[in-house]
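Undergrad: Pasted the sequence and its predicted model underneath.
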Amino acid sequence: MALVTTAEVCDANPQLIVSGELRALQPIFQIYGRRPVFSGPIVTLKVFEDNVLIREFLEEKGNGRVLVVDGGGSLRCAILGGNPVVQAQNNGWAGIVVNGCVRDVDEINGCDIGVRALHSHPMKANKKGIGEKHVPITIAGTRICDGEWLYADTDGILISKTELSA
């Protein structure tokens, strides 16, 4: 979907919006990383103030996927930092969307990957390994399922039940 903006996708697909097959996340995310435009199939994760499972996912080959993490919207610590983002970049992830905070912002902004998060926070997360993988999550007013597609640019983030063609 190169060179097609999220706004153009919305304008061209009113029927998908009405049916709920194409949804826009509420505009609550900050833009991080050197790749403001990214897309790919979604992998979902649900955690709370714990980043062990996030690190485990990003150690895997990304194959152009996007990790979408429901961090419960916590603003009390960062669940994603510079080291895992560097690893995600090196492992071929297209992007990471976190309903929570990040830290090591300068390091993340130096990476060739797309990252969205609510905000930055200097405190690190717990390391208990508690969470749920590949489960439906609800963030920014939208239910998101494993295997759906995410399209992000500077206008916002779209979720589609299927891959969209340009």
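TA: Received the coordinates, thanks.
Undergrad: tell me the contacts of the residue nearest to the spatial centre of the chain?
TA: For the chain, the residue nearest the mean C-alpha position is residue 97 (1.8 Å; Cα atoms, centre = their mean). Contacts here follow Cβ atoms under 8 Å, 6 or more residues apart in numbering; on that basis residue 97 touches 29, 66, 67, 68, 69, 115, 116, 117, 139, 150, 152, 157. (Glycine included, C-beta is placed from N, CA and C.)
Undergrad: which residues does the fifth one bridge with?
TA: According to DSSP bridges, the residues that bridge with residue 69 are residue 45, residue 98.
Undergrad: The residue of the chain positioned farthest from its centre sits in which helix or strand?
TA: Taking Cα atoms, centre = their mean, the residue of the chain most remote from its mean C-alpha position is residue 15, at 24.9 Å. Assessed by DSSP states H and E, residue 15 sits inside helix 14-19.
Undergrad: Report the buried residues of that helix.
TA: residue 16 (16 or more other Cβ atoms under 10 Å).
Undergrad: Neighbours of residue 96, how many?
TA: Neighbourhood size, residue 96 [other Cβ atoms under 10 Å]: 31.
Undergrad: and it, helix, strand or coil?
TA: What DSSP: H, G, I helix; E, B strand; the rest coil gives for residue 96 is strand.
Undergrad: which regions of this structure sit below the pLDDT cut-off?
TA: For the chain, the stretches flagged by pLDDT under 70 are 1-3, 166.
Undergrad: For it, which segments count as strands?
TA: 22-24, 30-32, 38-46, 66-70, 78-80, 95-102, 114-120, 132-133, 137-139, 142-144, 149-153, 156-160 (DSSP state E).
Undergrad: any chance of these in CSV, plus distance to residue 5?
TA: Output for the strands of the chain, formatted as CSV (distance: least, Cβ to Cβ, whole Å):
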stretch, distance to residue 5
strand 22-24, 12
strand 30-32, 15
strand 38-46, 12
strand 66-70, 17
strand 78-80, 26
strand 95-102, 16
strand 114-120, 15
strand 132-133, 31
strand 137-139, 22
strand 142-144, 19
strand 149-153, 6
strand 156-160, 10
